[in-house]
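**Q** mind folding the following:
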Amino acid sequence: MFRLLLLTDRHQLPPGRDLVSTVARCAEAGLAAVVLRELDLAEDQRADLASLLGEHVRVVAARGPLPGTHGVHLAAHQDLAKAGPAGTHGRSCHDDDEIARAVAEGADYVTISPVAMSASKPGYGPALGVDGVRRAVAAAQGVPVLALGGVDVGNVSEMRDAGAHGAAVMGTVMRAADPAAVTEQLLAGLS
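**A** Predicted coordinates:
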């Protein structure tokens, strides 16, 4: 199971940088997996993008299966049937009830969010903090928990120390001047 999961959002990239080259740079720094979001694109465009990203990392599709991906990451409200015949099945969770549902449905991992204030989703919260991560880990009954929402180089080790298996990030890498360096630092904080 991956320690660091990057959720894509090409709209957060600095001008002149594209998603595939950003992910490729992060892969060179040790990134192993991404959740392909880009939900504003048509399914065939997302499939093409998944293929390109798949040359560098393991790709998990957000919200539903895509050809050539390794699994599906479901939103908290989605029915398990949306995962289709996915390999890896993860789920976004925000509280104990959602975690219990994900565990009962056989999720391979869960994200818990927001663990801190997030620039990608300002006003979304309240932040769960390290105590919320600890509660999530206990509720997950051994299913790996990835801390999400406001995770950055400054707090990633706190999430690990609270019991998180790893971290899921978006803006801290997507907006970074040097996404590979940030990836390396995040991975170091998780080890």
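**Q** any low-confidence regions in this structure?
**A** 86, 119-125 (pLDDT under 70).
**Q** middle-most residue in it, spatially?
**A** Residue closest to the average C-alpha location in the chain (CA atoms, centre = their mean): Ala168, at 3.6 Å.
**Q** any idea what that residue is bridged to?
**A** According to DSSP bridges, the residues that bridge with Ala168 are Leu5, Leu148.
**Q** for it, give me its contacts.
**A** Counting by CB atoms under 8 Å, 6 or more residues apart in numbering, Ala168 makes contact with Leu4, Leu5, Leu6, Leu7, Val35, Thr111, Ser113, Leu146, Ala147, Leu148, Val151. To be clear about C-beta, it is placed using only N, CA and C from the backbone, and glycine gets the same treatment.
**Q** and Arg63, how many residues sit next to it?
**A** The number of residues packed near Arg63 is 17, by other CB atoms under 10 Å.
**Q** quick one: it and Lys82 touch, right?
**A** Yes. Arg63 is within contact range of Lys82, at 6.7 Å (criterion: CB atoms under 8 Å).
**Q** quick one, phi/psi of Tyr109?
**A** Per-residue torsions, Tyr109: phi -160, psi 160 (degrees, to the nearest 10).
**Q** numbering from 339 from now on, please.
**A** Taking 339 as the first residue, the last one we looked at is Tyr447.
**Q** my read: it touches Leu486, true?
**A** No. Using CB under 8 Å, Tyr447 makes no contact with Leu486, being 10.9 Å away.
**Q** of these two, which one has the most company?
**A** Taking neighbours as other CB under 10 Å, Tyr447 and Leu486 compare with Leu486 leading, 28 against 23.
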